[in-house]
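> Sharing a model prediction with you, sequence too.
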Amino acid sequence: MKWTGRTARHAPRAVARTLALAGVLAASGIAAGTASATGGQAPGMHTVAETLAYRCHFPSGPRQVPVTVAASFPSTAMTGRPIQPANSRLTIALPRAAIGDLARLDSTTVSAGTTLSIDATDGPSGTSILWPGASRRAATVPGRGGLVLSTSGQVPAVTPTLPGQVMLIAAGLSLTLTPGKAAAAPAPGPNEGAATPAASPSQGAAAPSAGTALRVPCVLAKGQRAVLATVAVTGAAVARRSRHAAAVTLCPGFPKNGLKLNPRFKPPPPPVPIKPGSAPEPGCAYTTGYADARKLMGAALLQPGLTFVNLFVRTLIDFDPKVNYAQFDNAAQLNFHGLHEFPPSTATFLTFGFVPTTASIALIEHGTIDIFAVGPANKGFCKPKQPCATIATVASRLSVKILPGSVKVNGVPLDVGSQCESAPFDAIVTGSDESNPPYIVTTGGPLSGMVTIPKFSHCGVGEDLDPIFNAAISGPRNFNLLTQGSVCFVLGGGVCDNKTGLPVPPTPLRKVIG
C-alpha cells in the first residue's frame, strides 16, 4: 500500500509516518465498523460518489478500468470518537478487452470481491486501512460488450487523535473475480463481505484456470484527485493508543536507544540540497530467502531471521515538480537470541559436483544494516518514459561461519574447528515497488543481488581445510533472493502476532520479475 501522488500534495507532513503504517488493516486508533453498508443516511452525513481511473493488470495485459467509489461520511467529528463511513459501494466497469480473461474461467456468471486501500490523515501522521467489499449476487458474463460489477461491505472506522482535518483518500485496489454457474450468489451476512486480500497493487495477475478465482491488482492512474472526504475534527488532542498495548509487548527486546545508520555505507546524495528530517518508527520484521553458492550449483534456505528496524531515521523530501525527490534512510539489526545474526541454516551440496556435503552456517552481521529507499515524492509528477519506481538498497556487512560439529562429507563427520569463518564482506541487495511482486520497506517483498564471498580462514583441526572451502565456496556472483515480511510496529499497527507481539514470517519467494 502506498501514498498516492494526490495524498502527497494534500498532506506532505504526513508522508513519513503514513508510509510507516502502510499495509495496516487495524492500526492505532482504528475500530471495527458497525454501520450497515446498505442502511439509510444518518443525520449529519453526506454522500459522495467519486469516479476514478485504475490501471488493472489482467493476465492478458494492463487495462484502464473506471471505478466509482461511493460512501456516506460525517461532515464533522470529535477527537477520540470514530469516523464511521456508511453505505460504501464500488462500481467497476470492466472493458470488453478484459472479458476474454473471464471467458477462460469457463463460467457463465462471475462474482467480485474488492479490497480498496484508503489513506487516512490525522494531523502530521496518518494510517492506511482496507475497505472490503463483495458482490451481493453474481453477474452474467456477457457475450459482447463490457461488464459492470458492484461490491459493498462494512468498512473500518477511523478515530482521529488531533483537531483539524481528516482526509480519506483512495489508493490501491485489489479485485478478485470468482467464476460460477449459479444464477446468484448469497448476500454477505452481518460480519461478512471482506474479500480475500489479493495481490499487492504492483504485482501482476496470475493466469486464470478453469474453476479458480482471478485476482487482479490495480493502481490509480496518474494525475487524479483521489480525496473521497474531508472531515473537520474538533476537540482536544488525545493520546495515540495501540489496541495491542494492554495485551502484549510488540517487538520485545527492541533496543531502548533505537538504531543508527551504519557509517560504512554512504546514503545516496539528493539531486539538490534538501534539509533532512526525521520521524523514527521502531518495529520488527522477519527476513528469509535463498543464498546461492555458485560453485556448488545450489542454494541454502535461510531460516527466518528476526530483524529490528528503525524506519525513517533520516528523511529527505522535496515536492517541487522539478525536483520530485523522496529519500527514506532506515536502520536495521538482526536479533537471534541477542546475537546479530540469522538463525543457523543447514544445507547439503554436491561438493566438486559429486561429493555430498552437509553443513550448518550462520550469517553474522557486523554493524547495523542500512536501507535507503529513494524515489519520487509524487508519482503524479513523473514524466512519460521516466523511471518512477522507488528503489530500496539494503546494505549490510556480513561474514559466513561454518558451525562446529555440523559438517559431514559423504556421511562422515569432518571437524572444522570453532573458528571456520569467511572474512567480512559487503552484501548489497535491492528491491523495487514496481517489481512483480513489489518491495516496499513497510510491507516487505523480494530483495535480490549478487554477493562476493571472500576466503575462509581458521578451518580445520590438525589440518588446514581453508583451501577446500575456498575452492568450493569463495568467489563472486553468488545470487541472493531474500524475502522480507511485513513490519510490526512497536507503537502498534502493521502485521503482528497478537499472542507473541512478533511479526509474521513470510514465505520465501523463488522468483521476482523486474
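That came in fine, so what should we check first? Numbering: from 1, shown residues only.

> Okay, now the unreliable bits of the stretch 51-200 of the chain?
Applying pLDDT under 70 to the stretch 51-200 of the chain flags the ranges 104-106, 123-126, 181-200.

> which stretches of it form strands?
Residue ranges of the strands in the stretch 51-200 of the chain, as given by DSSP state E, counting those that start in this stretch, are 61-74, 76-78, 86-94, 109-122, 125-134, 139-140, 147-152, 164-180.

> Pull out the buried positions in the second one.
Of the residues in strand 76-78, those scored as buried under the neighbour-count criterion (16 or more other Cβ atoms under 10 Å) are 77, 78. Any C-beta I mention is one placed from the backbone N, CA and C, and that applies to glycine too.

> quick one: strands adjacent to it?
Strand pairing for strand 76-78, determined by DSSP bridges: strand 227-234 (parallel).

> Tell me where the stretch 201-350 of the chain has strands.
According to DSSP E, counting those that start in this stretch, the stretch 201-350 of the chain carries its strands in the segments 214-220, 227-234, 281-293, 298-318, 325-334, 345-351.

> ok, residue 157 touching residue 82?
Yes - in this structure residue 157 lies within contact range of residue 82 using Cβ atoms under 8 Å: 3.6 Å.

> between the strands of the stretch 201-350 of the chain, which gets nearest to residue 161?
Set against residue 161 and scored by Cβ to Cβ, those come closest in strand 227-234, at 9.1 Å.

> Pull the closest one out as CSV, backbone CA atoms only.
Once non-C-alpha atoms are left out, strand 227-234 reads as follows in CSV (Å, rounded to 0.1, in the frame of the first residue of the first chain):
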residue,chain,number,x,y,z
VAL,A,227,-9.7,12.6,-2.0
LEU,A,228,-13.1,11.0,-1.1
ALA,A,229,-13.9,13.1,2.0
THR,A,230,-12.5,15.8,4.3
VAL,A,231,-13.9,15.7,7.8
ALA,A,232,-13.5,18.7,10.2
VAL,A,233,-12.3,17.5,13.6
THR,A,234,-12.8,19.5,16.8
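
> And the protein, what are its domain boundaries?
The record assigns the chain these domain ranges, following automatic domain parsing: 5-234, 281-489.

> how about stretch 340-357: buried residues?
Neighbour-count burial for stretch 340-357, with 16+ other Cβ under 10 Å as criterion, is recorded at 340, 341, 342, 343, 345, 347, 349, 351, 357.

> Can you give the distance of it from its chain's centre?
Once both centres are worked out by Cα atoms, centre = their mean, to the nearest Å, stretch 340-357 turns out to sit 30 Å from its chain's centre.

> if I look at residue 377, how far off is residue 387?
In this structure, residue 377 and residue 387 are separated by 14 Å, where distance is defined by Cβ to Cβ, to the nearest Å.

> just to revisit the earlier point, would JSON lines of the strands of the stretch 51-200 of the chain with distance to residue 328 be doable?
Formatted as JSON lines, the strands of the stretch 51-200 of the chain follow (distance: least, Cβ to Cβ, whole Å):
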{"stretch": "strand 61-74", "distance to residue 328": "28"}
{"stretch": "strand 76-78", "distance to residue 328": "30"}
{"stretch": "strand 86-94", "distance to residue 328": "31"}
{"stretch": "strand 109-122", "distance to residue 328": "17"}
{"stretch": "strand 125-134", "distance to residue 328": "15"}
{"stretch": "strand 139-140", "distance to residue 328": "42"}
{"stretch": "strand 147-152", "distance to residue 328": "34"}
{"stretch": "strand 164-180", "distance to residue 328": "18"}
